[in-house]
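1. Give me coordinates for this.
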Amino acid sequence: MELTSSLMNHEEAAVKAFIRSDRQQRYLKFLSNPTQRSRFTSELAHFKALDPKCLVAIPPNQQNASSVAELLATKGAGSRCWVISVNSVLDSRELDLREALDETIGSGMGTIISCVAGKLGYFEDEDVKYILQRQVPSGWTTPD
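-> Numbers count the residues shown, from 1 in each chain. Just a heads-up that it's a prediction; the model follows:
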């Protein structure tokens, strides 16, 4: 599979926004090479490299596809998303957000769902579920 430039920009934005800076270059290298991609996705099952500043807890009673979709929509998510996942059926695909959440939530399969490139997403692995949100310091603006 050859990765397109726009796809790489989308995945690169997710890595740079949501993953600790000391791991970014390594993971970007894996994602940019189709033969090494699984070295990154296999780590998602017990992923410890998320930037803690980007993690937004989801109340236990809202850890279902419908509630998470609503939470993401209130933060600016559209109807489509990009998926990076240990689940090869979902990995490297643009999907309807609700479909991606339905297939991911509760599966325990390490997955990053990118809703707004470099700004908003969802993460789940075998242990945790989080909204991923890039925090912008007050007074700063981000390019659209």
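
2. Residue 88 in helix, strand or coil?
-> coil (DSSP: H, G, I helix; E, B strand; the rest coil).

3. so the closest residue to residue 36 other than its chain neighbours, which of the three states?
-> Spatial nearest neighbour of residue 36, excluding adjacent residues (C-beta to C-beta, 6 or more residues apart in numbering): residue 30 at 4.6 Å. Just so you know, the C-beta spots here come from the backbone N, C-alpha and C atoms, and that holds for glycine as well. Following three-state DSSP, we place residue 30 in the helix state.

4. Residue 115 now?
-> strand.

5. Can you give me every residue that contacts it?
-> Residues near residue 115 by C-beta atoms under 8 Å, 6 or more residues apart in numbering: 72, 76, 77, 78, 81, 97, 121, 122.

6. can you pull the pLDDT of it?
-> Residue 115 carries a pLDDT score of 95 in this model.

7. One more: residue 49?
-> Per-residue pLDDT puts residue 49 at 97.

8. pretty sure it is touching residue 20, no?
-> Yes: applying C-beta atoms under 8 Å as the test, residue 49 and residue 20 come out as touching, 5.2 Å apart.
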